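Student: Here is a sequence together with a model predicted from it:
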Amino acid sequence: MANLVGKLLLVLIVALMSTTDAAKKPRVTNLQFYMQDILAGPNATAVQVAKRLSNYTGTDPIAALFGNVFVFDNVLTATPDPKSPVVGRTQGVVVWSSFEEYNLLTIGTYVFTSGPFNGSTFSVEGRNPYMEKVREAPVVGGTGLFRLARGYALMGTYSRTQTSQVIEYNVTIVHN
């Protein structure tokens, strides 16, 4: 009798484990979208919230940016055209974090508001060497369909003006 109970308990445990997220085979999702970043004007989507103290007396324009902090809430679109379908938003913080190069520490969550990933998010945190043609940052987590996300985001400046820029994203996400 005890042997039968033990076997039934083992079958129950195996059955429960096979239905948990940990037992699912990871999926790989590749995404491409464009971030519309408005840097100035009444509809700016990135604003400075902290500025380096005025004690800097040097002439190096890169060092002068060190310590500046911006927050952003940018629209994500399907194509580079700002009037193309909106697929979501990205919200986060950017910190100028280098004395020697145009480098940002970027922390952002990408929230999908339409399409097959509606309601799901993933987060990116990492170094963003702003002037490089292609930048890479790690995907460090997610929610919804991107629960337990990991992966990487490749970012490149598609276009830039004095008041706005469009950043192209190609993201590979491994998730349950």
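Tutor: Yep, it's here.
Student: Kindly state the beta-bridge partners for the residue nearest to the spatial centre of the chain.
Tutor: By Cα atoms, centre = their mean, the chain has its centre lying nearest to V124, at 3.5 Å. Beta bridges link V124 to G108, V139 when assigned by DSSP bridges.
Student: Surely it is in contact with A137?
Tutor: Yes. Using Cβ atoms under 8 Å, V124 is in contact with A137, at 4.9 Å. C-beta here means a position set from N, CA and C on the backbone, and glycine is covered the same way.
Student: what is in contact with those two at once?
Tutor: Each of T106, A153 lies in contact with both V124 and A137 under the rule Cβ atoms under 8 Å, 6 or more residues apart in numbering.
Student: so what's E168 closest to, chain neighbours aside?
Tutor: Y158 (4.5 Å; Cβ to Cβ, 6 or more residues apart in numbering).
Student: for the one you found, helix, strand, or coil?
Tutor: Under DSSP: H, G, I helix; E, B strand; the rest coil, Y158 falls in the strand class.
Student: Equivalent analysis for F122, please.
Tutor: Following three-state DSSP, F122 is assigned to strand.
Student: Going forward, count from 37.
Tutor: Let's use 37 as the start, then, which means that last one is F158.
Student: What count of nearby residues applies to the closest residue to it other than its chain neighbours?
Tutor: Of all residues not flanking F158 in the chain, G178 sits nearest, at 3.9 Å (Cβ to Cβ, 6+ apart). By the measure other Cβ atoms under 10 Å, the count of residues near G178 is 22.
Student: pretty sure G178 is in contact with A185, am I right?
Tutor: Yes. G178 lies in contact with A185 (Cβ under 8 Å); the separation is 3.2 Å.
Student: Mutual contacts of the two, please.
Tutor: Common neighbours of G178 and A185, counting by Cβ under 8 Å, 6+ apart, are F158, S159, I209, H211.
Student: List just the nearest of those to G103.
Tutor: Closest approach to G103 among the shared contacts of G178 and A185 (Cβ to Cβ): S159, at 23.4 Å.
Student: Now do the closest one against R125, distance only.
Tutor: Taking Cβ to Cβ, to the nearest Å as the measure, S159 falls 13 Å from R125.
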